[in-house]
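Participant: below are the sequence and a predicted model for it; my questions follow.
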Amino acid sequence: IKTLPYERLAHDMLEFGVDFKALVKGELLLNSLRERSKTLIEMANSANAIINAPKSYDEKAWAKFINENSKEILAKFAQILDRDLDAKGYEELTNKFLEQNGLKLKDLAQALRIALTGSSVSPSIFEVLEVVGSNEIKNRIQNLLKEEK
C-alpha cells in the first residue's frame, strides 16, 4: 500500500466504495491513510470515517475524552473557523487558539478527532481538518455537542 502509485491505489479503492478522485482533497486523504493502513479494507474504513460525518461515537473514546470541559473547548474552537485552510494553516490556527486559551494540543486534539471521525484514531488531525473543511468541521462539532451520553 505504501509504495503503490496514487492512480493504482485510487482505482483499487473503488472496489470498496471509496472514490478518492471524486474528492476535492482525495489525494491528500489517500496519502495520509496509506501510511497507517495495512489493508485496503482498513484504508476504506478509515477513509469513510473521515469523508462521512459520524453517525455514532466510539464509547471508550467518548468516556475517556468527552466531558463538559472538552465540549466547551470544541465550541470555542468552532467559533474561530471562518475559512478553509491547508494542514499547515490549521496547525497554525490551532496553535494560536491553544496559546490564547492556555491549553495544550492534548486538551483539544482527541475531542476534535472524535467529533470529526467518531473515533480517537485518525491520521494527522491537521490533515483531517484540511480534508473535512471548516464548514463541515463546525457541523460535526455541533453534532457532537448535541449528543447526549
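Facilitator: Arrived safely. The structure displayed is predicted, hence computed values, not measured ones.
Participant: what comes up buried for stretch 26-45?
Facilitator: Gly26, Leu28, Leu29, Leu30, Ser32, Leu33, Arg34, Ser37, Leu40, Met43, Ala44 (16 or more other CB atoms under 10 Å). In this view, the C-beta of every residue, glycine as well, is placed from N, C-alpha and C.
Participant: between these, which is nearest Lys88?
Facilitator: Leu28 (12.0 Å; CB to CB).
Participant: just give the nearest non-adjacent residue to the residue nearest the centre of the chain, would you?
Facilitator: For the chain, the residue nearest the mean C-alpha position is Val128 (3.7 Å; CA atoms, centre = their mean). Excluding the flanking residues, the one nearest Val128 by CB to CB, 6 or more residues apart in numbering is Ser122, at 5.2 Å.
Participant: so for stretch 26-39, mean pLDDT?
Facilitator: Across stretch 26-39, the average pLDDT comes to 91.
Participant: quick one: distance of it to the chain centre.
Facilitator: With CA atoms, centre = their mean, to the nearest Å as the basis, stretch 26-39 stands 13 Å off its chain's centre.
Participant: about what we covered before: report the contact partners of the residue nearest to the centre of the chain.
Facilitator: Ser32, Ile50, Arg113, Leu116, Thr117, Ser122 (CB atoms under 8 Å, 6 or more residues apart in numbering).
Participant: tell me the domain ranges of the chain?
Facilitator: 6-51, 59-146 (automatic domain parsing).
Participant: of these, which shows the lowest average pLDDT?
Facilitator: Among the domains of the chain, domain 6-51 scores lowest, at a mean of 92.
Participant: so the residue of the chain most remote from its centre is in which element?
Facilitator: In the chain, counting by CA atoms, centre = their mean, Arg8 sits farthest out from the average C-alpha position, at 24.3 Å. Using DSSP states H and E, the element containing Arg8 is helix 6-13.
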